[in-house]
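Colleague: missing the sequence, but the structure's below:
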């Protein structure tokens, strides 16, 4: 079917993508395949996420940040396993919006994050779509054999921790859409968090042998804790007021008339890309030392108990989980 | 951003995709990652292709055939390396057209080809798009260490062969669009070839150690021979009238007033997914034996010479290559 790529598929690959190719495995992006030698003693971890304009990023988001968000969402999945990322395959479904300058920006975003996270392009495809742009990436990482962290290892008595701050992804979406009345620098900080989350790759690797379960928080803290509880056959209790908040999120919270309802929004919104982890009392000090060493905020937000599901307390008072939040008992 | 998946992402994964998951590596599709043990002595080959509705498949193509075309286009890339496929990651960008019955059909197409080609689902993502549906897959295969077939090994004196028939993909697109005046069974056969090409995976593996270069014909025979010539630093001469044609393509050819121009269309159209290979005289008999053993048509269509580029002869007369076909000298 006729689909003229005005910006040029060939030029896109030659000028923008080839400079990003892995020197050993990508075969110069000239062979339609990547060839990866085996690494005895290591497992290969693979994850694949897709993002769509108007769904996972905004139509006016700069394309360098879109490329970065794509890589980072995938890197966050590898981080939750404790894996060491090294490469990725990429599919670009360019829309008419994606001319040469936009593709240059996209490639610049890739280059920035390749350097930041130690990954290189292995291959992929670039195609045209008449609809909204979308992108997918398959990220690859190494793990010492058998050491992939599960989300099913949480045991009663474990403490529940989370990295960084929670709720900025959801608030950041409101900020990027101009729907947040806060000081401009707060709005900008939150929008930046939405566009460019920070996957906790180094911390994930550092605590790989110390945690009982770990996963990344991408669909909302409560929902993702629910995955851990279910996979572990245990209950998790969350102390709502302990949930770590950025300065901007705290400012937003203080502007709300119902702080409890506002907290519920923060812990059920998506796009945080933090790690939530469960730790036995024996290893808590060691996990905290790793966070200190990396200057990473790490907050105890609850505990694992016998039972099932996620329950919450707010200032010591039990709440009952509704479908998207809580109601009082 | 609000994007309601009426058919249900959770149900899609649980009911349609989980039954397709690799029993050992996919972690039940419950962990956002696949974990692949190392296989010492083998290289891992990876390829990723994307297809878009209205560009690579037709808006009214049944989704089972779309799933199969996606896998087969990727399998064809692995076939050209001589690799043994075993798994794939999948991104589904569902459009509003993709309700539950369409997703069921898509999963059925996957299941059919998993059985036919020995691959299993490793992971991926399903997202919604307001635009046309698109899909991408990352296919994985094994190769004995260092044995990936290159497209750069053709040497003067080698013969050029192609599997199957050429031109049916391009004709099949016209057929599927109702733009071909042939008998109904011819039209149906060609449309089927467009929707469900047959990647030559078994043959590719069988001749891995016998060919000097190999690649799959996806962008048109002439253009893909050009890739082989360029990568090999050699010239390729193609005897146009030798190009193998299906009975339906032959019927179409005989209906044209200018057979040479018609032949040019067949050898520059895309979507064939056959293998083109170069073979030294010493190994020609062995390669033919493998094709015979597999009951696969294999046709000598030209030869490798010193020089550069692709040139063509028609009934012994030299033609000069124009951008999309040939003109007479």
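Modeller: That came through, no problem. Given the structure is predicted, the values throughout are model-derived calculations rather than measurements.

Colleague: switch to C-alpha atoms for all contacts and neighbour counts from now on
Modeller: Noted.

Colleague: what about residue A:254, how many residues close to it?
Modeller: Residue A:254: 12 surrounding residues under other C-alpha atoms under 10 Å in any protein chain shown.

Colleague: Residue A:233 now?
Modeller: Residue A:233 has 18 neighbours, counted by other C-alpha under 10 Å.

Colleague: What residues does it make contact with?
Modeller: Neighbour list for residue A:233: A:152, A:307, A:308 [criterion: C-alpha atoms under 8 Å, 6 or more residues apart in numbering or on different chains].

Colleague: Just the buried residues out of the residues you listed, in PyMOL syntax.
Modeller: To isolate the buried ones among the contacts of residue A:233 in PyMOL, judged by 16 or more other C-alpha atoms under 10 Å in any protein chain shown, type:
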select buried, chain A and resi 152+308
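
Colleague: what residues does the stretch 151-300 of chain A put near chain B?
Modeller: Residues of the stretch 151-300 of chain A lying near chain B by C-alpha under 8 Å from any C-alpha of the partner chain: A:151, A:173.

Colleague: so where do the helices sit in the stretch 151-300 of chain A?
Modeller: Along the stretch 151-300 of chain A, the segments classed as helices by DSSP state H, counting those that start in this stretch run A:168-176, A:184-195, A:201-206, A:221-232, A:247-254, A:259-268, A:284-293.

Colleague: wait, which of the contacts of residue A:233 is closest to residue B:156?
Modeller: residue A:152 (59.3 Å; C-alpha to C-alpha).

Colleague: Quick check: the closest residue to the closest one other than its chain neighbours vs residue A:80, distance?
Modeller: In space, and not counting its chain neighbours, residue A:152 is closest to residue A:232: 3.9 Å by C-alpha to C-alpha, 6 or more residues apart in numbering or on different chains. The gap separating residue A:232 from residue A:80 is 16 Å, by C-alpha to C-alpha, to the nearest Å.

Colleague: With neighbour numbers in mind, choose between those two.
Modeller: Set side by side, residue A:232 and residue A:80 show more neighbours around residue A:80, with 33 against 21, by other C-alpha under 10 Å.

Colleague: The more buried one contacts residue A:211, doesn't it?
Modeller: No - at 10.6 Å, residue A:80 and residue A:211 do not qualify as touching, with contact defined as C-alpha atoms under 8 Å.

Colleague: Give me the common contacts of these two.
Modeller: residue A:149.

Colleague: Let me have the contacts of residue A:233 in TSV, adding pLDDT as columns.
Modeller: Conversion of the contacts of residue A:233 to TSV gives the following (pLDDT from 0 to 100):
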residue	pLDDT
A:152	94
A:307	97
A:308	96
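
Colleague: State the pLDDT value of the nearest residue to residue A:268 once chain neighbours are set aside.
Modeller: Once flanking residues are discounted, residue A:268 sits nearest to residue A:220: 4.4 Å by C-alpha to C-alpha, 6+ apart. Listed pLDDT for residue A:220 reads 93.

Colleague: and if you look at residue A:4?
Modeller: So residue A:4 comes in at 57 (pLDDT).

Colleague: picking up where we left off before, most neighbours per residue, which of the helices of the stretch 151-300 of chain A?
Modeller: Stretch with highest mean neighbour count among the helices of the stretch 151-300 of chain A: helix A:168-176 (a mean of 25; mean count of other C-alpha atoms under 10 Å in any protein chain shown).

Colleague: about what we covered before: of the contacts of residue A:233, closest to chain B?
Modeller: residue A:152 (9.5 Å; C-alpha to the nearest C-alpha).

Colleague: Correct me if wrong: that closest one contacts residue A:213.
Modeller: Yes - under the criterion of C-alpha under 8 Å, residue A:152 makes contact with residue A:213 at 6.0 Å.

Colleague: Which residues are in contact with each of those two?
Modeller: By the contact definition C-alpha under 8 Å, 6+ apart, residue A:152 and residue A:213 are jointly contacted by residue A:228.

Colleague: Give the burial count for the closest residue in space to residue A:212 that isn't next to it in sequence, as a bare number.
Modeller: The shortest distance from residue A:212 to any non-neighbouring residue, by C-alpha to C-alpha, 6+ apart, is to residue A:153 (4.8 Å). When neighbours are counted by other C-alpha under 10 Å, residue A:153 registers 19.

Colleague: now residue A:153: how far from residue B:33?
Modeller: Residue A:153 sits 16 Å away from residue B:33, going by C-alpha to C-alpha.

Colleague: Please apply the same query to residue A:47.
Modeller: With distances taken as C-alpha to C-alpha, residue A:47 is found 5 Å from residue B:33.

Colleague: Tell me where chain A is predicted with low confidence.
Modeller: Scanning chain A for pLDDT under 70 picks out A:1-4, A:6, A:321-329.

Colleague: mind listing the strands for it?
Modeller: Secondary structure of chain A by DSSP state E: the strands cover A:34-36, A:42-52, A:84-94, A:120-128, A:134-144, A:159-163, A:213-217, A:235-239, A:274-279, A:298-305, A:309-314, A:317-321, A:326-328.

Colleague: picking that back up, could you pull out the residues contacting both of residue A:47 and residue B:33?
Modeller: Both residue A:47 and residue B:33 are in contact with A:77, A:78, B:123, B:124, where contact means C-alpha under 8 Å, 6+ apart.

Colleague: In JSON lines, list the residues you listed along with neighbour count.
Modeller: Converted to JSON lines, the shared contacts of residue A:47 and residue B:33 look like this (neighbours: other C-alpha atoms under 10 Å in any protein chain shown):
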{"residue": "A:77", "neighbour count": "30"}
{"residue": "A:78", "neighbour count": "32"}
{"residue": "B:123", "neighbour count": "34"}
{"residue": "B:124", "neighbour count": "28"}
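
Colleague: Residue A:133: neighbouring residues, count only.
Modeller: Residue A:133 has 22 nearby residues by other C-alpha under 10 Å.

Colleague: Please read the previous query as pertaining to residue A:183.
Modeller: Using other C-alpha under 10 Å, residue A:183 has 11 neighbouring residues.

Colleague: show me what contacts residue A:308?
Modeller: A:229, A:230, A:233, A:234, A:235, A:236 are the contacts of residue A:308 under C-alpha under 8 Å, 6+ apart.

Colleague: swap that for residue A:51, sorry
Modeller: Going by C-alpha under 8 Å, 6+ apart, residue A:51 touches A:57, A:70, A:134, A:135, A:136, B:127.

Colleague: Next, name the residue at the spatial heart of chain A.
Modeller: Of all residues in chain A, the one closest to the mean position by C-alpha atoms, centre = their mean is residue A:273, 3.1 Å from it.

Colleague: Phi first, then psi, for that residue.
Modeller: Per-residue torsions, residue A:273: phi 60, psi 40 (degrees, to the nearest 10).

Colleague: which residues touch it?
Modeller: Shown in contact with residue A:273 (C-alpha under 8 Å, 6+ apart): A:73, A:76, A:197, A:198, A:199, A:200, A:216, A:217, A:218.

Colleague: how many other residues sit next to the fifth one?
Modeller: Around residue A:199 sit 25 other residues, with neighbours defined as other C-alpha under 10 Å.

Colleague: With that, I have no additional questions.
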